[in-house]
Every structure is written in C-alpha cells, then in structure tokens.
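**Q** next input, structure requested:
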Amino acid sequence: MKKLLHMDFKNIINSMNFRAISIIMISIPIICFLVNCKISYGLPIQFVRSSLEENFLNGTVSRHVKLWFILIFPLLSMMLCSDIYSIQYNNGIYKSIITRCSKKKYILSKIIVVFALTFSVIFISLFINQVLCIITFPLKGLDNAMALPAFDIGYFNYSDSRFLDLLRVQNTCLYNLVYMLIYSLVGALYAIIALSTSFFIKNSKVFIISIFIIYFGVYEFFITQGLEKFHLNSYLDGDSVGNGVFIAWIFVLVVIPFVFTAIKYKSKNEI
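**A** Coordinates of the predicted model:
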C-alpha cells in the first residue's frame, strides 16, 4: 500500500497538468494581494484595514475575483488531479498495477492521494495569501468592511443567523483558518466526486465537464428559486444563513463519491 501511495503521489506531482493548475490556484490569491497593496499604498492609517480583513477570502477589493473563483472552484479542483485513474486506464498501466495489489487498495490509494493533494494545494494557496497580508497590513486596522467604529467588537457587526459569525467576532484569525479548511475540504470533495465518476466514464474531459455542467445547473436553479443563500457557494462567500444547511451540503458531497465507489468496488467487472 505504501509503495502504491508513493507511486500515485509521485505520478501526480510530476505531471504537467497538476503543476499548471497548482500555479493557477496559488497565483490568483497572490495577484489579489498585490492589487490590495497597490490600492492601499499611500492611504491614511484610518483607511487601512486589518490584515485579517484584507485577505483573499474577506477583502472587499478582491471580492469580484473571489466570486469568479468560487464559480470555477469545482472545475479547478477537479482538473487538479482527479484524472489519475482515467489516465492509468487509458494507457493500460492499471493492468500491471492491479496484478500486484487488491482492488480495494488500488481504489483507496487513488482516493487518499487525490484528496490529500487537492486539499493541500487549496489550503497552501489561501494560507500564503493570509501570511502575505499579515506581513504587509497591520493586525488591527482602523477601517473595516462594514464601516463600523474600530471599538465595535460585535454589537452591530454580528448576526446569529450568519454562518460562523460568532467565531468571526470572537477570533477572526481562527475564523479565517477555519474558512481555509472549509475551502480545502469542499475542493477535495469535488475532486473525489470527479475521481469516483471516472470509474465509469473513462474520458477525463467528459466527466469533468459533465460534473461542472450539473453543478452550474444546480447553482442556476437555486438562484432562479430565490435560494441562493442556501447554496454551497454562498457559504464559501461567507454570505449564508445557518450551519445546518452547510452540514447537509458536506454530507451530500461525501455520499455521492461513496456510493459511486461502492458500486465500482462491488461490481465484478474489471476496475
């Protein structure tokens, strides 16, 4: 199992596709940081915001970029490395691998590697942005996104219906860290869904585009029905209601690949 994991990790990390998508995902938050620096440079101190509010996830300057990033987030996550099985299947390498290990270990190795690498790339990209903001901007700013006095600690800028808003008021640094983990988790689950779909659809372009079309269709349905705040994208944006719906979304993202993988594992056909 260790050799199989090492081989899968090595194959993905050395692939040009993984490196290209990783560079894109890391570059987007860094570019937003540079834009923030350009706009904030030379401003009076009373108009400078905290480094915890100027990051990619909370900054108002980079908000439009973040919204576009959230929209294509599933596509980038799936393109990162979820095609590992389809590549091995189409070039025939899987036949030599499956003769040396069990079907269970082969599938489990792919799931672990895809989840770990996707989670890591997303978290690192957001973490780098936050570190750069902490180095550049003050920890406590005199301005904020809600245009409230600096002494306000949650009386006016807190809503008990907003997702994780109490954590934001109590500890903004921890709030940002949790959101980085949420992004990483959601992106990794998108990648696992794509991987589990590739067990049935061997063409990587077809299954990735198909999943993205379904995702976009569901998103449009929520918007047309006036339920945008209950869509997963709203939770990533930080403009959502309640915690229960988010847990339900995570449950759905876990169940889908679990069912697909279980069907493939129990099938008598070749992997």
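**Q** return the helix or strand in the chain with minimum mean pLDDT.
**A** Lowest on mean pLDDT, DSSP states H and E among the helices and strands of the chain sits helix 165-170, with a mean of 72.
**Q** packing partners for the helix or strand hosting residue 206?
**A** Here residue 206, judged by DSSP states H and E, is contained in helix 204-224. When contacts are defined as 3 or more CB pairs under 8 Å, 6 or more residues apart in numbering; DSSP states H and E, helix 204-224 sits against helix 63-81, helix 84-91, helix 172-198. In short, each C-beta sits where N, CA and C put it, glycine included.
**Q** so which of these is nearest residue 42?
**A** Smallest distance to residue 42 across those (CB to CB): 21.6 Å, for helix 63-81.
**Q** which regions of this structure sit below the pLDDT cut-off?
**A** Low-confidence regions of the chain, defined by pLDDT under 70, span residues 43, 45-48, 141-161, 165, 268-271.
**Q** out of the helices and strands packed on helix 204-224, which is the most enclosed?
**A** Compared across those, helix 172-198 shows the largest average neighbour count, a mean of 22 (mean count of other CB atoms under 10 Å).
**Q** just how off-centre is it within its chain?
**A** 4 Å (CA atoms, centre = their mean, to the nearest Å).
**Q** likewise for stretch 131-138?
**A** The answer for stretch 131-138 is 22 Å, by CA atoms, centre = their mean.
**Q** among the helices and strands packed on helix 204-224, which is nearest residue 242?
**A** Short answer: helix 172-198, nearest of the helices and strands packed on helix 204-224 by CB to CB, at 14.8 Å.
**Q** quick one, the closest one and helix 84-91 angle?
**A** If you take axes from the mean of the first three to the mean of the last three CA atoms, to 10 degrees, helix 172-198 sits at 30 degrees to helix 84-91.
**Q** give the other helices and strands that helix 172-198 contacts.
**A** Secondary-structure packing of helix 172-198 (3+ CB pairs under 8 Å, 6+ apart): helix 63-81, helix 84-91, helix 103-136, helix 165-170, helix 204-224, helix 232-237, helix 244-266.
**Q** and for residue 203, the neighbour number?
**A** Counted by other CB atoms under 10 Å, the residues lying close to residue 203 total 14.
**Q** then residue 137?
**A** 22.
**Q** now do residue 257
**A** 22.
**Q** same check, this time on residue 11
**A** Neighbour count of residue 11, defined by other CB under 10 Å: 16.
**Q** distance of it from residue 113?
**A** According to CB to CB, to the nearest Å, residue 11 and residue 113 sit 9 Å apart.
**Q** now do residue 95
**A** 19 Å.
**Q** out of the two, which sits in the busier spot?
**A** Neighbour tally, residue 95 and residue 113, criterion other CB under 10 Å: the higher count belongs to residue 113, 23 against 12.
**Q** could you find the closest non-adjacent residue to that one?
**A** Nearest residue to residue 113 in three dimensions, chain neighbours excluded: residue 8, at 4.2 Å (CB to CB, 6 or more residues apart in numbering).
**Q** ok, that neighbour - contacts?
**A** Contacts for residue 8 (CB atoms under 8 Å, 6 or more residues apart in numbering) come out as 84, 109-110, 113.
**Q** which residues are common contacts for residue 11 and residue 113?
**A** Common neighbours of residue 11 and residue 113 (CB under 8 Å, 6+ apart) are residue 84.
**Q** re the thing from before, could you dump the helices and strands packed on helix 172-198 to a markdown table with distance to residue 190?
**A** Output for the helices and strands packed on helix 172-198, formatted as a markdown table (distance: least, CB to CB, whole Å):
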| stretch | distance to residue 190 |
| --- | --- |
| helix 63-81 | 4 |
| helix 84-91 | 15 |
| helix 103-136 | 8 |
| helix 165-170 | 24 |
| helix 204-224 | 8 |
| helix 232-237 | 10 |
| helix 244-266 | 7 |
